[in-house]
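J.: Could you look at this predicted model? Sequence included:
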Amino acid sequence: EDVAKFSLWYNYDKSLFGIIVLGLVFKPVLISSWRELKELLKTLLPILAVGLPIIYLLALKMNYVSYDSSFNQVFFPWAIKNLFFTVLAEEIIFRGLIQTEFTRRFKFKYGAYLSITLAAILFGLAHYAGGLNYIILSTAAGFIYGYAYHKTKQIEACILAHFCLNSGHFLFFSYPYLI
């Protein structure tokens with residue numbers, strides 16, 4: 001009763017955009033073997049092990065969420081919606097297109113890190129409807145997703161990082177946020 005209400009609906013336009021861009025732009029560089037997946041996970045898991053607790057602790061400290069580990073039977077429909085209708089499109093836009101374009105343009109020593117920063121800020125600002133705390137948390141999460149993408153050079157890494165953070169939020173904390 002102390003959390004904002006949320007509804008579960010499927011927004012096909014954003015997901016179709018993400019799938020089309022994924023197929024047209026990233027098809028040649030998507031993971032295609034178990035060996036490549038193992039390499040991605042070897043790089044990604046330490047990033048998640050450090051990054052996700054930081055975001056969760058920040059959200060708790062800001063009183064944006066509280067600990068709530070009750071399993072919700074809505075998780076599986078929510079997970080499908082979140083992965084294919086939210087995360088996929090957002091990561092393709094913010095890491096696959098925006099961060100990649102900034103990185104292509106910023107060819108100086110710390111240009112890649114400036115690219116991560118700018119894409120993370122834009123990602124945070126895109127979540128303005130959730131308020132200032134949500135912008136801050138989304139920006140911080142955007143740094144993690146951007147760093148994962150930078151280190152692995154695989155769009156799947158930031159998609160997986162984003163989905164893991166959102167799933168942990170849904171499963172272990174008040175969802176979507178405290179009121």
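T.: Structure's in. What do you need?
J.: For the rest of this, base every contact and every neighbour count on C-alpha atoms.
T.: Noted.
J.: ok, now how distant is the residue sitting nearest the centre point of the chain from Leu48?
T.: Taking CA atoms, centre = their mean, the centroid of the chain lies closest to His162, which sits 2.6 Å from it. As judged by CA to CA, to the nearest Å, His162 and Leu48 stand 10 Å apart.
J.: and the lowest-mean-pLDDT helix or strand in the chain, what does it pack onto?
T.: Within the chain, no helix or strand scores below helix 12-21, which has a mean of 73 by mean pLDDT, DSSP states H and E. Applying 3 or more CA pairs under 8 Å, 6 or more residues apart in numbering; DSSP states H and E, one finds that helix 12-21 contacts helix 88-91.
J.: C-terminal to the helix it packs on, what's the next element?
T.: Per DSSP states H and E, helix 88-91 leads on to helix 100-105 as the next helix or strand towards the C-terminus.
J.: quick one: low-confidence parts of this protein?
T.: 26-28 (pLDDT under 70).
J.: Can you list the residue ranges for helices in it?
T.: 12-21, 34-61, 75-82, 88-91, 100-105, 111-125, 132-152, 155-172 (DSSP state H).
J.: So for Ser69, which of these sits nearest?
T.: helix 155-172 (4.2 Å; CA to CA).
J.: Contacts for the closest one next, please.
T.: With CA atoms under 8 Å, 6 or more residues apart in numbering as the contact definition, helix 155-172 has outside contacts at 26, 30-31, 40, 44, 48, 52, 56, 67-72, 75, 79, 82-83, 87-88, 91-92, 95-96, 141, 144-146, 148-149, 175-176.
J.: Pull out the buried positions in that helix.
T.: 155-163, 165-167, 169-172 (16 or more other CA atoms under 10 Å).
J.: hang on, the earlier thing: which positions within the least confident helix or strand of the chain qualify as buried?
T.: So, applying 16+ other CA under 10 Å, buried residues of helix 12-21: Lys14, Ser15, Phe17, Gly18, Ile19, Val21.
J.: from those, which single one is nearest Ala126?
T.: Once CA to CA is applied, the member of the buried residues of helix 12-21 that ends up nearest Ala126 is Lys14, at 13.7 Å.
J.: How much space separates that closest one from Phe108?
T.: 33 Å.
J.: same thing with Phe76?
T.: 44 Å.
J.: Glu90 versus the residue nearest to Phe106 when sequence neighbours are not counted, what's the distance?
T.: Among residues not flanking Phe106 along the chain, Ala112 sits closest, at 6.9 Å (CA to CA, 6 or more residues apart in numbering). As judged by CA to CA, Ala112 and Glu90 stand 19 Å apart.
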